[in-house]
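Novice: What follows is a predicted structure for the sequence shown.
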Amino acid sequence: MKNADLLKIAASYGDPVYVYDSEKIISQFQRLTNAFSGVKNLKLNYAAKALSNLAILKLMNSLGSGLDTVSIQEVQLGLLAGFNPEDIIFTPNGVSLEEIEEASKLGVRINIDNLSILEQFGNKHPDIPVCVRINPHVMAGGNSKISVGHIDSKFGISIHQIPHLLRIVELTKMNVNGIHMHTGSDILDIDVFLYASEILFETAQNFKNLDFIDFGSGFKVPYKEGDIQTNVEELGKKLGDRFNEFCKAYGKELTLAFEPGKFLVSEAGHFLARVNVVKQTTSTVFASIDSGFNHLIRPMLYGATHQILNISNPEGRERYYSVVGYICETDTFASNKRINEISEGDILCFKNAGAYCFTMASNYNSRFRPPEVLWHEGKAILIRERETFDDLIKHQVDVKDLFAIKDIPKKEKVGIK
Ligand SMILES: Cc1ncc(COP(=O)(O)O)c(C=O)c1O
């Protein structure tokens, strides 16, 4: 997308605003598909948690993607977006048996990540095939908060518990048709991926009725120019060959599944915010924007870096700024970064704002969540409206006369539109 397009969108829909470029999503989907072209049955199940707007889900559906979901609500969103239930996999962590049964009733595939629920589910529904999530005890992922396949992680069934898992399968007579792992996000080194995959292949040999092996996700995308990214082409060749070899030995053409989130949508997203104040302190020049970690929490939550461009003054001389939000706690998007000279009123563009940005947004400080706009075939399409005051109080219950407060003004009187 060009700066001019983004500026036009900010002018039309106001700021802050999220903008997603469909062309980038489509090209990433095709890139990953092409990388694994050596595998006969490939299934990409888009991880809905990354960006779950219905328009994005429909776009994924139209590309032939399946859907990876982690809550019953994501399952329902997927069904609303027109996914066939069998193209949705439910991969929750630590949810109740009831929630898993609810998802199963909707016809989606079930992925179970602990022995307790596996046993309960198997006892009650031996005829419903399930996938099992294995924890391979591999340290992978960009940082500790997004590394989820190691020995201290709450995710998956430990590879050391496979004998127990097999006993449950045998006693309940349930059918395990898939085996899954997800070791973390932002995996830098494909060898780590390949190493964990070997563990999964070894584990898979214990199950005789598999239809698919799901290798999770964790593809690292670049966050700035020249940044390292997962070489999906090399991974596709190496893992693809190894998978084909495994299938031969297993005696069946299995499906190779992935559930990418970031890889498909991260780079497609742009978050646009306006600079309210440029404040020079004794040590720093702060650019304070009309947003905060209520809208984009990744930098504060796990130190994620989002490149920030001043699209109002792209040719201006570069100076050092700390870009901060308006939230009443430390709320730093970037510290001492070189950005083209910023004036109050300029629009800053946060790159890589497609994955885990809007979906992690909140109403903290009683702010409205921003609108979302899809840029598709050269046109801007509003796919979520900016919230209003009514959204903030929609579910609050009016206590009416519970407290003796006189003269509660009407909404209009306090400037609420
Ligand atoms: C089980 C599972 N699958 C897939 C993903 C998507 O990972 P990424 O966004 O790194 O592709 C996640 C992310 O948290 C996950 O927990």
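Specialist: Ah, there it is. Residues are numbered from 1 along each chain as shown.
Novice: Quick check, the residue in the stretch 251-400 of the chain closest to the ligand?
Specialist: Residue nearest to the ligand within the stretch 251-400 of the chain: residue 261 (2.8 Å; Cβ to the nearest ligand atom). Quick note: C-beta positions are derived from backbone N, CA and C, even for glycine.
Novice: Can you report phi and psi for that residue?
Specialist: When read as degrees, to the nearest 10, the backbone of residue 261 gives phi -110, psi -70.
Novice: Same question for residue 270.
Specialist: Per degrees, to the nearest 10, the backbone of residue 270 is at phi -130, psi 130.
Novice: Look up the residues forming beta bridges with the residue lying closest to it once chain neighbours are set aside.
Specialist: Closest residue to residue 270 apart from its sequence neighbours, by Cβ to Cβ, 6 or more residues apart in numbering: residue 19 at 4.5 Å. With DSSP bridges as the criterion, residue 19 is bridged to residue 270, residue 373.
Novice: quick one on the thing from earlier: how many neighbours does the residue of the stretch 251-400 of the chain closest to the ligand have?
Specialist: 22 (other Cβ atoms under 10 Å).
Novice: show me the contacts for it.
Specialist: Counting by Cβ atoms under 8 Å, 6 or more residues apart in numbering, residue 261 makes contact with 46, 47, 48, 49, 50, 51, 68, 185, 217, 355, 356.
Novice: ok, 6 Å please
Specialist: 47, 50, 355 (Cβ atoms under 6 Å, 6 or more residues apart in numbering).
Novice: any idea of the pLDDT on it?
Specialist: For residue 261, the pLDDT comes out at 97.
Novice: what about it, distance to residue 5?
Specialist: 25 Å (Cβ to Cβ, to the nearest Å).
Novice: what does residue 149 give?
Specialist: 39 Å.
Novice: quick one, which of these two is more surrounded?
Specialist: For the pair residue 149 and residue 5, the greater number of neighbours falls to residue 149 (26 against 17), based on other Cβ under 10 Å.
Novice: how deep is the residue lying closest to the more buried one once chain neighbours are set aside tucked in, by neighbour count?
Specialist: Leaving aside its chain neighbours, residue 149 sits nearest to residue 183 (3.0 Å; criterion: Cβ to Cβ, 6+ apart). Around residue 183 there are 31 other residues, counting by other Cβ under 10 Å.
Novice: so what's residue 218 closest to, chain neighbours aside?
Specialist: Here the residue nearest residue 218, using Cβ to Cβ, 6+ apart, is residue 187, at 4.0 Å.
Novice: Now do the phi/psi pair for the one you found.
Specialist: According to degrees, to the nearest 10, residue 187 has phi -80, psi 120.
Novice: Pull up the gap between it and residue 166, please.
Specialist: 29 Å.
Novice: between these two, which one's more packed in?
Specialist: Per other Cβ under 10 Å, whichever of residue 187 and residue 166 has more neighbours is residue 187, with 25 against 13.
Novice: Which strand residues bridge the more buried one?
Specialist: Under the criterion used here (DSSP bridges), residue 187 is bridged to residue 219.
Novice: didn't it look like it was pressed against residue 219?
Specialist: No. Counting by Cβ atoms under 6 Å, residue 219 is not a contact partner of residue 187; they are 7.0 Å apart.
Novice: Grab the nearest non-local neighbour of the residue nearest the centre of the chain.
Specialist: For the chain, residue 50 is the residue whose C-alpha lies nearest the centre (Cα atoms, centre = their mean; 1.8 Å). Nearest-residue entry for residue 50: residue 261, 3.1 Å, with adjacent residues in sequence omitted and distances by Cβ to Cβ, 6+ apart.
Novice: next one: residue 179
Specialist: Nearest to residue 179 is residue 204, by Cβ to Cβ, 6+ apart, at 5.1 Å.
Novice: Next, give phi and psi for the one you found.
Specialist: phi -60, psi -30.
Novice: number of nearby residues for it?
Specialist: 17.
Novice: and residue 238, how many residues sit next to it?
Specialist: 16.
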